[in-house]
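1. have a look; sequence and predicted model below, questions after that.
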Amino acid sequence: MVEDLRARALHLLQSVFGYPAFRGEQAAIIELIAGGGDALVLMPTGGGKSLCYQIPALLRQGCGVVISPLIALMQDQVDALAELGVRAAFLNSTQDFDEALRIERALRRGELDLLYIAPERLMTPRCLELLDSAQIALFAIDEAHCVSQWGHDFRPEYIRLSVLHERYPQVPRIALTATADFQTRDEIMLRLQLDGARRFVSSFDRPNIRYQIVEKENVRRQLLDFIRSEHVGEAGIVYCLSRKKVEETAAFLNDAGIAALAYHAGMDASVRSRHQSRFLREDGIVMVATIAFGMGIDKPDVRFVAHLDLPKSIEGYYQETGRAGRDGLPADAWMAYGLQDVVQQRRMIEESEAEPTFKRMQSARLDAMLGLCETIGCRRVHLLDYFGQASAPCGNCDICLNPPQSFDATESVQKLLSTIYRVGQRFGAVHVMEVLRGSDSEKVRQWGHDKLSTFGIGSDKGDAEWRAILRQAIALGLVEIDHENYGSLRLPEASRAVLKGERSVAMRRYRKPEKARRAPARASGFDEISLSAPQQALFEKLRWWRVETAREHNVPAYVIFHDATLREIARAMPVTLDDLRQVSGVGEKKRETYGAQLIALVAAQEAA
């Protein structure tokens with residue numbers, strides 16, 4: 001029975017989806033769910049989570065119901081399944097009554113393999129009654145981290161999804177997410193009543209992504225230099241904290257000749273939808289957005305994700321950077337970070353109306369994010385360690401490629417702490433550094449701080465160096481920001497040992513930001529098909545054919561074929577339809593639909 005299930009699952013993988021073999025723990029997850037078990041699946045973006053519920057839904061009797069918060073993307077997801085010959089549909093608020101009624105009838109008649117529903121729609125009496133009248137194969141709760149009130153993307157309606165276990169106890173459930181720390185995992189299990197569910201935690205490593213964090217100087221100019229040096233004409237996502245910054249950055253990039261679109265929750269819904277559609281369906285668009293954009297984006301060829309402001313947590317950062325390089329090809333996660341980011345994030349936590357326990361958790365997550373920014377070791381090691389995964393230095397992040405110098409910063413930190421103490425712990429960073437450096441400013445003289453013993457003791461360092469030291473001191477917990485007192489700096493208990501000479505402090509030496517330049521070759525750890533000149537020419541022809549085909553079908557280009565599949569076709573140069581069976585990503589339905597056109601393109605190239 002088990003062997004038969006495994007064989008059927010593999011047959012579906014190869015015949016429907018066109019992939020030769022399962023990756024990681026996909027086979028074990030599919031076997032468990034298809035057999036009626038429950039699971040929590042943590043798998044990085046691009047790791048193949050959707051197969052873990054799509055194949056069991058095809059193996060079991062009835063329709064798989066996918067609960068997803070991504071209303072704007074359901075159409076594309078359903079279109080992609082239709083291209084594979086899978087009977088899929090969605091129910092959400094974008095449909096009129098007649099269309100919704102048609103889909104409801106199809107579900108009752110057993111004519112659907114997969115149905116996507118938003119959690120708000122699922123919880124209505126009408127929808128629950130609909131599910132009561134249908135045969136349900138499984139429930140897949142996608143983006144399951146949304147259930148966590150401690151997480152980075154909380155959706156209140158997700159908490160009510162425990163009704164699935166109560167109302168349909170015999171139907172297997174699979175909760176899936178790309179990011180969840182230990183506490184979030186426990187909360188998902190509790191909130192969804194996944195008692196006894198098996199946890200599958202895949203490797204969080206994305207070796208094709210290069211992580212780089214730079215000192216914030218002129219951030220828009222730095223971003224432009226980065227794009228021009230690394231990603232001209234390529235798709236990317238730029239995250240900003242505020243709506244105003246989103247719009248200004250998009251305008252700046254467009255003025256500089258970079259095709260950029262803005263996206264945030266304050267925009268007209270039709271404009272947001274149009275911008276998202278262009279990003280998904282056109283090549284080389286840069287989307288500048290708040291975190292309102294991105295969850296569930298399936299576009300495989302996003303070549304970079306940039307952050308112009310500090311994310312609130314490593315969880316959020318990992319989820320956002322994971323939208324780059326879903327095709328497994330080289331991609332960049334680039335961030336510009338400065339002292340003001342720390343001040344701003346601390347203030348947002350302190351001024352929020354959240355409960356003290358929640359504020360402490362937010363602070364702890366921000367501390368972990370600061371630790372990633374200020375580390376003098378491999379970024380990837382630090383990032384994976386947060387999720388409980390041990391690893392070796394990657395040789396591919398900015399720290400590994402250009403190791404920073406560390407130095408004994410004890411004396412410098414003592415000067416900083418002493419100055420904060422001498423000014424009464426009542427002034428912010430700018431004033432403290434003016435006193436340190438001996439600036440002859442009116443404010444310093446007004447308060448008599450030019451008479452302090454610490455006035456000018458830091459004149460050997462520039463303003464940028466002191467900002468770097470202060471930022472690292474905050475990350476180490478040696479300085480705190482008092483937002484109840486206008487952002488003044490204060491000394492926590494941990495600073496006492498440093499001031500008394502009982503504790504030494506090592507820091508990263510300040511390095512002046514350099515203009516972005518072409519990065520060195522990538523480290524190994526991912527596959528990239530190299531093409532000869534004729535093969536590259538065929539690949540470009542295949543891409544143009546894909547653009548036209550996608551336009552005819554009114555779907556994003558990647559729904560037809562991923563770049564990786566087109567590269568493999570260009571390398572293999574298939575001459576018969578049977579040859580296409582050996583190409584990953586070409587299932588039976590796609591071979592039947594597009595095979596003749598692909599063979600003709602190959603033949604034309606060989607004849608050229």
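-> Perfect, thanks for sending it.
2. can I get the CA coordinates of stretch 431-447 in CSV?
-> C-alpha atoms of stretch 431-447 as CSV (Å, rounded to 0.1, in the frame of the first residue of the first chain):
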residue,chain,number,x,y,z
HIS,A,431,24.7,66.0,20.9
VAL,A,432,26.7,63.2,22.6
MET,A,433,29.0,62.9,19.5
GLU,A,434,29.4,66.7,19.3
VAL,A,435,30.7,66.6,22.9
LEU,A,436,32.9,63.6,22.2
ARG,A,437,34.5,65.2,19.2
GLY,A,438,34.8,68.7,20.8
SER,A,439,32.4,70.5,18.4
ASP,A,440,32.1,74.2,19.0
SER,A,441,28.3,74.2,18.7
GLU,A,442,25.9,76.7,20.3
LYS,A,443,23.9,73.8,22.0
VAL,A,444,27.1,72.4,23.5
ARG,A,445,28.1,75.8,24.9
GLN,A,446,24.5,76.5,26.0
TRP,A,447,24.5,73.5,28.3
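3. what does that stretch rub up against?
-> Contact partners of stretch 431-447, identified using CB atoms under 8 Å, 6 or more residues apart in numbering, comprise 415-416, 419-420, 422-423, 449-450, 452, 454-459, 461, 463, 466-467, 470, 489. Where you see a C-beta, it was placed from the backbone N, CA and C, and this is true even at glycine.
4. stretch 582-598 too?
-> Outside stretch 582-598, the residues that touch it by CB under 8 Å, 6+ apart are 14-20, 83-85, 542, 545, 549, 560-562, 564-565, 568-569, 572, 574, 577, 580-581.
5. what do you get if the cut-off is 6 Å, keeping everything else the same?
-> 15-19, 84-85, 562, 565, 568-569, 577, 580 (CB atoms under 6 Å, 6 or more residues apart in numbering).
6. now swap in stretch 289-296 and tell me
-> Residues outside stretch 289-296 that contact it (CB under 6 Å, 6+ apart): 70, 73, 143, 246, 263, 264, 265, 323.
7. shaky segments in the chain?
-> Judged by pLDDT under 70, the chain has its weakly predicted residues at 1-2, 149-152, 515-529.
8. hang on, isn't residue 382 packed against residue 375?
-> Yes. Shown here, residue 382 and residue 375 form a contact pair, counting by CB atoms under 6 Å, at 4.8 Å.
9. what are the ranges of the helices in the stretch 401-550 of the chain?
-> Secondary structure of the stretch 401-550 of the chain by DSSP state H, counting those that start in this stretch: the helices cover 410-422, 429-437, 442-446, 463-475, 495-499, 533-553.
10. of those, which is nearest residue 328?
-> Closest to residue 328 of these is helix 533-553 (CB to CB; 16.1 Å).
11. give me the next element, helix or strand, following that closest one.
-> Using DSSP states H and E, the helix or strand that follows helix 533-553 in sequence is helix 557-560.
12. tell me which strands and helices that next one is in contact with?
-> Helices and strands touching helix 557-560, by 3 or more CB pairs under 6 Å, 6 or more residues apart in numbering; DSSP states H and E, are helix 74-83, helix 533-553.
13. ok, which stretches of the stretch 201-350 of the chain are strands?
-> 209-215, 235-239, 260-263, 286-289, 302-307, 331-337 (DSSP state E, counting those that start in this stretch).
14. before we move on, what about the stretch 51-200 of the chain?
-> Secondary structure of the stretch 51-200 of the chain (DSSP E, counting those that start in this stretch): strands at 63-67, 88-91, 114-117, 136-141, 173-177, 198-201.
15. mind putting those into CSV with distance to residue 603 and mean neighbour count?
-> Shown next, in CSV, are the strands of the stretch 51-200 of the chain (distance: least, CB to CB, whole Å; neighbours: other CB atoms under 10 Å):
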stretch, distance to residue 603, mean neighbour count
strand 63-67, 40, 26
strand 88-91, 34, 23
strand 114-117, 36, 24
strand 136-141, 42, 24
strand 173-177, 42, 27
strand 198-201, 44, 15
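16. nearest to residue 223, of these?
-> Each of these has some distance to residue 223 by CB to CB; the shortest is strand 173-177, at 29.0 Å.
17. ok, how many other residues are close to residue 255?
-> 10 (other CB atoms under 10 Å).
18. how would you label the residue lying closest to residue 352 once chain neighbours are set aside: helix, strand or coil?
-> Nearest non-adjacent residue to residue 352, counting by CB to CB, 6 or more residues apart in numbering: residue 359, 6.8 Å away. When classified by DSSP: H, G, I helix; E, B strand; the rest coil, residue 359 comes out as helix.
19. tell me, how many residues neighbour residue 359?
-> 14.
20. again, but for residue 578
-> Number of residues near residue 578 (other CB under 10 Å) recorded here: 10.
21. next up, the contacts around it.
-> Counting by CB under 6 Å, 6+ apart, residue 578 touches no other residue.
22. apply 10 Å and report the result again.
-> Residue 578 sits next to 591, 595 when contact means CB atoms under 10 Å, 6 or more residues apart in numbering.
23. how near is it to residue 591?
-> Noted for residue 578: a distance of 9 Å to residue 591, by CB to CB, to the nearest Å.
24. next one: residue 156
-> Per CB to CB, residue 156 is found 45 Å from residue 591.
25. so what's the residue of the chain most remote from its centre up against?
-> Relative to the centre of the chain, and counting by CA atoms, centre = their mean, the farthest-placed residue is residue 451 at 50.5 Å. Contacts here follow CB under 10 Å, 6+ apart; on that basis residue 451 touches 444, 445.
26. distance of it relative to residue 440?
-> Using CB to CB, residue 451 is found at 13 Å from residue 440.
27. pull the contacting residues for the residue lying closest to residue 60 once chain neighbours are set aside.
-> Using CB to CB, 6+ apart and skipping residues adjacent in sequence, the residue nearest residue 60 is residue 137, 3.9 Å away. For residue 137, the contacting residues are 33-34, 53, 56-65, 112-114, 171-172, by CB under 10 Å, 6+ apart.
28. try 7 Å this time
-> Taking CB atoms under 7 Å, 6 or more residues apart in numbering as the contact definition, residue 137 lies against 57, 60, 61, 62, 63, 64.
29. over to residue 362?
-> Going by CB under 7 Å, 6+ apart, residue 362 touches residue 349.
30. how about the helix or strand that contains it: buried residues?
-> Taking DSSP H and E as the definition, one finds residue 362 inside helix 356-374. Residues of helix 356-374 classed as buried: 361, 362, 365, 366, 368, 369, 370, 372, 373, 374 (neighbour count, 16 or more other CB atoms under 10 Å).
31. would you list those residues in JSON lines and tack on distance to residue 347?
-> Output for the buried residues of helix 356-374, formatted as JSON lines (distance: CB to CB, whole Å):
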{"residue": "361", "distance to residue 347": "17"}
{"residue": "362", "distance to residue 347": "12"}
{"residue": "365", "distance to residue 347": "16"}
{"residue": "366", "distance to residue 347": "11"}
{"residue": "368", "distance to residue 347": "18"}
{"residue": "369", "distance to residue 347": "15"}
{"residue": "370", "distance to residue 347": "15"}
{"residue": "372", "distance to residue 347": "20"}
{"residue": "373", "distance to residue 347": "18"}
{"residue": "374", "distance to residue 347": "19"}
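32. so residue 27, which of the three states?
-> Using three-state DSSP, the structure places residue 27 in helix.
33. and it, how far is that from residue 140?
-> Relative to residue 140, residue 27 is positioned 17 Å away (CB to CB).
34. on that earlier part again, buried among the contacts of stretch 289-296? Make that a PyMOL selection.
-> Only the buried entries of those go into this PyMOL selection, using 16+ other CB under 10 Å:
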select buried, resi 70+73+143+246+263+264+323
